[in-house]
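Enquirer: Sequence first, then the predicted structure, then my questions.
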Amino acid sequence: MVRSLTRDGTRRFYDRLGAGQDRQAFYEDAATRRLVELAHFDRAEAVLELGCGTGRFAGSLFEQYLSRDCRYVGVDLSPHMVELATDQLALWQERARVRVGAVDDPLPDDDGAFDRVVANYVFDLLLPDDTAAALAEAARVLRPGGVLCTTSLTHGVTGASRALTRAWTAAWRRRPLVVGGCRPIALADALEPAGWHIRRREVVVAWAIPSEVVVATPPAATG
């Protein structure tokens, strides 16, 4: 039987973790930098971030990439993370809004409201049914020409990264809380059967931790 943190357990974990989440930057930043390069955020008009955490990634987008007219919405299950992200984005409060919400629940946003949907290290927390629900909502709120932009823990591609991800997966199976509910996944396994078109997929390894970087268009946008 596949085990994972419950929604309440996940909320409590990340409420406690708070700003400590940014300590994962030592391996996450290499992947998110590559994601920014592949997804052309300088052309974005409206960005939705699922699982926005402390708002650190969104802050870097505002500082370096987003146009003056681009608006941003962040969603996170943890009320404490929403507080941190709101503070982080205070300089851009006229264009940035952050709210509490589960990424696999129906979103209150209109169809086609965004041209970028971002999910950094979110899908590696979700089980398959929750992933399918989140992807369906992402497809709904993306406008024609919009893209899903994701990073996730993934399976190793080098000797060291394979060994690490085997150990990580074993720890997750025994006690998900030890690894914050995350485990290595292959997001393409969920995207392709659902009709998403993967424009770019790369694996970035930092400190022997492999991350999958994916930019994809939803089923309705494929030709």
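Expert: In hand now; what should we look at? Numbers count the residues shown, from 1 in each chain.

Enquirer: which ones are touching residue 157?
Expert: Residues near residue 157 by C-beta atoms under 8 Å, 6 or more residues apart in numbering: 203, 205, 210. Quick note: C-beta positions are derived from backbone N, CA and C, even for glycine.

Enquirer: Which members of those residues are classed as buried?
Expert: 203, 205, 210 (16 or more other C-beta atoms under 10 Å).

Enquirer: Adjacent strands (with direction) for the strand ranked longest in the chain?
Expert: Scanning the chain for the longest strand, with DSSP state E as the assignment, gives strand 142-153. With DSSP bridges as the test, strand 142-153 is paired with strand 114-120 (parallel), strand 209-217 (antiparallel).

Enquirer: Let's have the contacts of residue 157 in a markdown table, adding distance to residue 53 and pLDDT.
Expert: Shown next, in a markdown table, are the contacts of residue 157 (distance: C-beta to C-beta, whole Å; pLDDT from 0 to 100):
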| residue | distance to residue 53 | pLDDT |
| --- | --- | --- |
| 203 | 22 | 97 |
| 205 | 22 | 97 |
| 210 | 20 | 97 |
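
Enquirer: Save these as a markdown table, and put in distance to residue 95 too.
Expert: Below are the contacts of residue 157 laid out as a markdown table (distance: C-beta to C-beta, whole Å):
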| residue | distance to residue 95 |
| --- | --- |
| 203 | 33 |
| 205 | 34 |
| 210 | 34 |
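
Enquirer: now, among those, which is nearest to residue 218?
Expert: Proximity of these to residue 218 was ranked by C-beta to C-beta; the top entry is residue 203 with 22.5 Å.

Enquirer: for the helix or strand containing that closest one, the distance to its chain's centre please.
Expert: Applying DSSP states H and E as the criterion places residue 203 in strand 197-206. Mean C-alpha position of strand 197-206 versus that of the full chain (C-alpha atoms, centre = their mean, to the nearest Å) differs by 14 Å.

Enquirer: what residues does that strand touch?
Expert: The contact list for strand 197-206 (C-beta under 8 Å, 6+ apart) reads 26-31, 34, 38, 147, 154, 156-158, 161, 188, 191-192, 210-217, 219, 221-222.
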